[in-house]
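Okay, sequence plus prediction incoming.
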Amino acid sequence: MGENPSFYVGDRFVRMIPFHDHINIEAKANLSHQEALKEYRMTPKGMLQIKHDQIVPVEILKKIIQESFE
């Protein structure tokens with residue numbers, strides 16, 4: 001597998017790590033949205049895990065990405 005999609009602004013970043021049955025989203029602001037994401041798994045490292053059969057929480061992801069670059 002090639003490199004994972006990663007977006008950088010200075011030392012801040014958002015990274016998407018695909019797996020066969022889910023995708024992990026690594027972003028600084030994930031943990032500040034844990035309550036809104038309680039139906040999704042949060043890894044011990046604070047990565048949001050979305051299974052392929054789950055609805056993608058688009059509006060929350062927009063906030064996470066924006067806040068991760070602030």
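Everything's here; your move.

out of everything not next to it in sequence, what's closest to the spatially most central residue of the chain?
With distances taken as Cα atoms, centre = their mean, I25 lies nearest the centre of the chain, 2.5 Å away. For I25, ignoring the flanking residues on the chain, the nearest one in space by Cβ to Cβ, 6 or more residues apart in numbering is L48 at 4.4 Å. Bear in mind the C-beta positions are built from the backbone N, C-alpha and C, glycine included.

Also I23?
I50 (5.4 Å).

So that neighbour lies in a strand, does it not?
Yes - according to DSSP: H, G, I helix; E, B strand; the rest coil, I50 belongs to a strand.

So it is in contact with Y40, correct?
Yes - the criterion here is Cβ atoms under 8 Å, and I50 meets it with Y40 at 5.8 Å.

tell me, what's touching those two both at once?
Counting by Cβ atoms under 8 Å, 6 or more residues apart in numbering, the contacts common to I50 and Y40 are P57.

returning to that earlier point: now do the same contact list for the residue nearest to the centre of the chain.
By Cβ under 8 Å, 6+ apart, the contact set of I25 is 14-17, 47-50, 61, 64.

Could you name the specific helix or strand carrying it?
In this assignment (DSSP states H and E), I25 forms part of strand 22-27.

Flag every buried residue along that strand.
Using 16 or more other Cβ atoms under 10 Å as the burial criterion, the residues of strand 22-27 that qualify are 22-27.

Kindly report the same for stretch 46-59.
The neighbour-count check on stretch 46-59 (16+ other Cβ under 10 Å) flags 47-50, 57 as buried.

List of residues touching it?
Here stretch 46-59 makes contact (Cβ under 8 Å, 6+ apart) with 17, 21-27, 30-31, 36-37, 39-43, 64.
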